[in-house]
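Engineer: fold the stuff below for me.
(2 chains)
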Amino acid sequence: EAGVVQSPRYKIIEKKQPVAFWCNPISGHNTLYWYLQNLGQGPELLIRYENEEAVDDSQLPKDRFSAERLKGVDSTLKIQPAELGDSAVYLCASSLDGTGSYEQYFGPGTRLTVT
Amino acid sequence: AQKVTQAQTEISVVEKEDVTLDCVYETRDTTYYLFWYKQPPSGELVFLIRRNSFDEQNEISGRYSWNFQKSTSSFNFTITASQVVDSAVYFCALSQFSGTYKYIFGTGTRLKVLA
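Structural biologist: Numbers count the residues shown, from 1 in each chain, chains lettered A, B, ... in the order given. From the prediction side, this is the model:
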């Protein structure tokens, strides 16, 4: 069974440029998460989807970040415009459902560097 | 409020030594789940174990064992006879659902196993 797929693995952009990350979760997993991980820290939730509905986006900086999961499968996270402080690893994860009782499966992440 | 504390930022041991990683959590819920994840240098978080709040049985899986004690709100992880391949960052996480679903990671403990 394929795991969570993310692309690109690395991205270097100049500040004020837009950037997009893509995630394809494990087949059959209804819940999809986007996390931000800074160096030396644990993952911090940005947004959680149940199928195509964003059920928790309270930590998403909506002035510059957006996300979508149109068909309830793969998802895109966008930053526009990027700032220096956005440099981090962006992780995508999926789980069978969003009750919290199931473990999450993570992709390899996208390491973003904003110069 | 819910919180996960991993007070050990970094631990170094010599190969074959036993090592225990501490995790202390805070929650007001009676129903919750605890998890451990491993993040090797490659970056992808890997699920290790899940425990629900009603199951205080300790668990052993090969060289890994977990000690869950509700009385002290701890869910500690022990690696017996550590190996160099155990070198990674280990995260403890808490999941609960009381109206809104929350999934919180600790800040992680970096384990270095020296040959």
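
Engineer: what is whichever strand or helix holds residue B:78 packed up against?
Structural biologist: Under the criterion of DSSP states H and E, residue B:78 resides in strand B:74-79. Strand B:74-79 sits against strand B:19-21, strand B:24-26, strand B:32-39, strand B:46-52, strand B:64-69, strand B:88-98, with contacts defined as 3 or more C-beta pairs under 8 Å, 6 or more residues apart in numbering or on different chains; DSSP states H and E. Yep, even glycine has a C-beta here, placed from its N, CA and C like the rest.

Engineer: if you set the cut-off to 7 Å instead, what comes out?
Structural biologist: Counting contacts by 3 or more C-beta pairs under 7 Å, 6 or more residues apart in numbering or on different chains; DSSP states H and E, strand B:74-79 packs against strand B:19-21, strand B:64-69.

Engineer: and the longest one, C-alpha only, in CSV?
Structural biologist: So the one you mean is strand B:64-69. Below are the C-alpha coordinates for strand B:64-69, written out as CSV (Å, rounded to 0.1, in the frame of the first residue of the first chain):
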residue,chain,number,x,y,z
TYR,B,64,10.4,-1.3,22.8
SER,B,65,8.1,-1.0,25.8
TRP,B,66,5.7,1.6,27.0
ASN,B,67,4.6,2.4,30.6
PHE,B,68,1.2,4.2,30.8
GLN,B,69,0.4,5.5,34.3
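
Engineer: how about that strand and chain A, touching?
Structural biologist: No: using C-beta under 7 Å from any C-beta of the partner chain, we find that strand B:64-69 stays clear of chain A, coming within 13.8 Å at best.

Engineer: tell me the angle that strand makes with strand B:74-79.
Structural biologist: Angle, strand B:64-69 to strand B:74-79, by axes from the mean of the first three to the mean of the last three C-alpha atoms, to 10 degrees: 160 degrees.

Engineer: can you give me the angle strand B:64-69 makes with strand B:46-52?
Structural biologist: Going by the same axes, to 10 degrees, strand B:64-69 makes 30 degrees with strand B:46-52.

Engineer: how about strand B:64-69: buried residues?
Structural biologist: B:64-68 (16 or more other C-beta atoms under 10 Å in any protein chain shown).

Engineer: distance to residue A:71 and pLDDT for those - can I get that in TSV?
Structural biologist: Below are the buried residues of strand B:64-69 laid out as TSV (distance: C-beta to C-beta, whole Å; pLDDT from 0 to 100):
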residue	distance to residue A:71	pLDDT
B:64	38	95
B:65	42	94
B:66	38	94
B:67	43	95
B:68	39	95
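
Engineer: return the member of those nearest to chain A.
Structural biologist: Taking C-beta to the nearest C-beta as the measure, chain A sits nearest to residue B:66 out of the buried residues of strand B:64-69, at 13.8 Å.

Engineer: which one is the closest one nearest to, not counting chain neighbours?
Structural biologist: residue B:59 (5.0 Å; C-beta to C-beta, 6 or more residues apart in numbering or on different chains).

Engineer: which ones are touching the one you found?
Structural biologist: Residues near residue B:59 by C-beta atoms under 7 Å, 6 or more residues apart in numbering or on different chains: B:49, B:65-66.

Engineer: again, 10 Å this time
Structural biologist: B:49-51, B:65-68 (C-beta atoms under 10 Å, 6 or more residues apart in numbering or on different chains).

Engineer: per-residue confidence at residue 1?
Structural biologist: With no chain named, the answer covers chain A. Here the pLDDT value assigned to residue A:1 is 68.

Engineer: the chain in question should be chain B.
Structural biologist: Reported pLDDT for residue B:1: 76.

Engineer: same check on residue A:58?
Structural biologist: 89.

Engineer: kind regards, and thank you for your time.
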